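>>> Have a look at this fold, sequence not included:
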């Protein structure tokens with residue numbers, strides 16, 4: 001296999017146009033986005049990260065920062081308009097870079113958040129693809145993105161739930177059936193936990209769990225098998241990227257630790273058999289605890305540097321390098337799995353990298369004229385970039401939710 005830095009990206013997704021209305025601090029934004037690398041320059045709290053969040057939201061219908069959708073609606077609209085709303089529209093072209101791009105490859109994604117009548121705290125989400133109302137699940141895969149945030153360093157040392165969420169967001173974009181299995185699995189866990197609590201408090205026939213066990217195993221085994229495959233691929237790809245980032249000094253490995261105790265191959269059938277046996281062994285403990293004690297909702301992923309757990313013993317710099325390598329490997333994974341390179345979103349990534357890692361990242365991003373990839377980077381300082389690199393970029397200044405084109409220095 002070619003090195004990570006020399007992979008051939010001949011097809012890519014591209015965001016052609018972005019329209020925002022009352023999203024975060026953008027009262028109105030109407031922006032054509034060119035191919036290649038775009039750099040958003042501005043001070044803190046001007047809207048750079050908000051723009052990246054809007055693109056991520058169009059791709060996943062999930063916020064990268066907000067705890068509730070109402071936080072995404074411009075606060076002036078919430079305060080002043082009788083029925084505040086936010087609207088995001090993106091025009092996307094798939095398979096950019098093919099010799100002849102077909103008009104049918106273009107999609108229009110629209111998400112509207114509108115306040116529910118008589119409920120000022122809740123906003124209703126409406127999703128349309130090419131003008132047709134769709135579910136959030138139908139959105140996945142229409143625009144694939146990989147987003148790197150400064151806080152993504154928590155993927156290495158933070159709670160297991162962060163790593164599970166990272167896997168879920170990645171795999172839902174790559175394989176929408178994974179998202180369906182995840183949705184069904186979460187529903188089953190909730191129903192099964194309710195029954196476990198009822199058995200603990202009121203007693204009854206534990207045989208009632210068999211119905212939910214069957215569904216838990218079916219959906220859970222699908223998730224475990226797919227995660228297994230993804231971690232194997234990320235382990236290979238991230239190791240290559242990390243070797244280049246560290247000039248060969250450190251070797252990274254990603255280790256998947258599924259909650260389902262399993263020593264065999266990671267296929268659905270073998271995982272299902274192991275899951276079934278484990279649930280049987282845990283029956284009494286689960287009833288006593290009132291919760292499901294095994295399954296993908298308790299999975300873990302660990303990152304090792306030269307065999308040592310970086311989440312426990314790694315330095316801040318090592319953890320940041322791992323998170324960056326993981327995100328760049330995710331780009332390669334999506335390209336491998338879907339045949340198209342995702343849009344790369346990098347939020348203030350260069351500010352905490354040393355000179356060697358900056359050079360590597362800039363080299364990865366410095367696409368040629370025939371390269372269809374698209375990346376959007378935010379920064380507070382253009383001096384973080386080589387002047388010759390900026391000559392090939394598209395530059396904007398972001399100030400108070402407005403964008404102005406800039407000439408390269």
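Done, it's in. Model, not experiment: these values are computed from the prediction.
>>> Please count neighbours and contacts with C-alpha atoms only from this point.
Will do.
>>> what residue ranges in this protein score low on pLDDT?
1-9, 97-104, 119-120, 368-370 (pLDDT under 70).
>>> What residues does the closest residue to residue 108 other than its chain neighbours make contact with?
Excluding the flanking residues, the one nearest residue 108 by CA to CA, 6 or more residues apart in numbering is residue 91, at 4.5 Å. By CA atoms under 8 Å, 6 or more residues apart in numbering, residue 91 lies in contact with 15, 16, 17, 18, 106, 107, 108, 109.
>>> cool, residue 69 as well?
63, 113, 122, 123.
>>> which of these are buried?
Among these, those that count as buried by neighbour count (16 or more other CA atoms under 10 Å) are 63, 113, 123.
>>> quick one, phi psi at residue 44?
phi -70, psi 150 (degrees, to the nearest 10).
>>> Do I have it right that it meets residue 378?
No. Counting by CA atoms under 8 Å, residue 44 does not reach residue 378; the two are 10.3 Å apart.
>>> Tell me where the stretch 1-150 of the chain has strands.
Assigned by DSSP state E, counting those that start in this stretch, the stretch 1-150 of the chain shows strands spanning 12-23, 26-32, 36-41, 85-96, 106-116, 119-129, 132-134, 145-148.
>>> Now render the ones you listed as a markdown table, adding distance to residue 319.
Listed next are the strands of the stretch 1-150 of the chain as a markdown table, based on distance: least, CA to CA, whole Å:
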| stretch | distance to residue 319 |
| --- | --- |
| strand 12-23 | 29 |
| strand 26-32 | 33 |
| strand 36-41 | 25 |
| strand 85-96 | 33 |
| strand 106-116 | 35 |
| strand 119-129 | 36 |
| strand 132-134 | 39 |
| strand 145-148 | 13 |
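>>> what about those, which gets the closest to residue 335?
strand 12-23 (8.0 Å; CA to CA).
>>> for the closest one, packing partners?
strand 26-32, strand 85-96, strand 343-347, strand 374-379 (3 or more CA pairs under 8 Å, 6 or more residues apart in numbering; DSSP states H and E).
>>> could you dump the ones you listed to a markdown table with distance to residue 180?
Shown next, in a markdown table, are those (distance: least, CA to CA, whole Å):
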| stretch | distance to residue 180 |
| --- | --- |
| strand 26-32 | 33 |
| strand 85-96 | 23 |
| strand 343-347 | 23 |
| strand 374-379 | 28 |
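>>> Which among these is found nearest to residue 182?
The nearest among the helices and strands packed on strand 12-23, by CA to CA, is strand 343-347 at 24.1 Å.
>>> Name the residues that touch that closest one?
Taking CA under 8 Å, 6+ apart as the rule, strand 343-347 contacts 12-15, 48-49, 52, 143-150, 331, 373-379.
>>> how about a cut-off of 7 Å?
By CA atoms under 7 Å, 6 or more residues apart in numbering, the list of residues contacting strand 343-347 from outside reads 13-14, 49, 52, 144-150, 374-378.
>>> Quick one, which of those residues are buried?
13-14, 49, 52, 144-150, 374-378.
>>> what's the closest of those residues to residue 77?
residue 49 (19.9 Å).
>>> Tell me the first helix or strand C-terminal of the longest helix belonging to the chain.
As assigned by DSSP state H, the longest helix anywhere in the chain is helix 209-245. Downstream of helix 209-245, the first helix or strand assigned by DSSP states H and E is strand 252-257.
>>> Mind giving me the packing neighbours of the helix or strand following that next one?
Per DSSP H and E, the first helix or strand lying C-terminal to strand 252-257 is helix 268-289. Where contact means 3 or more CA pairs under 7 Å, 6 or more residues apart in numbering; DSSP states H and E, helix 268-289 is packed against helix 176-202, helix 209-245.
>>> Report the buried residues of helix 268-289.
So helix 268-289, judged by 16+ other CA under 10 Å, has buried residues 268, 271, 272, 274, 275, 276, 278, 279, 286, 287.
>>> what about the fifth one, distance to residue 195?
In this case it means residue 275. From residue 275 across to residue 195, the span is 19 Å (CA to CA, to the nearest Å).
>>> I'd like the contacts of residue 69 as a markdown table, with distance to residue 310 appended.
As requested, the contacts of residue 69 are exported to a markdown table (distance: CA to CA, whole Å):
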| residue | distance to residue 310 |
| --- | --- |
| 63 | 28 |
| 113 | 40 |
| 122 | 40 |
| 123 | 40 |
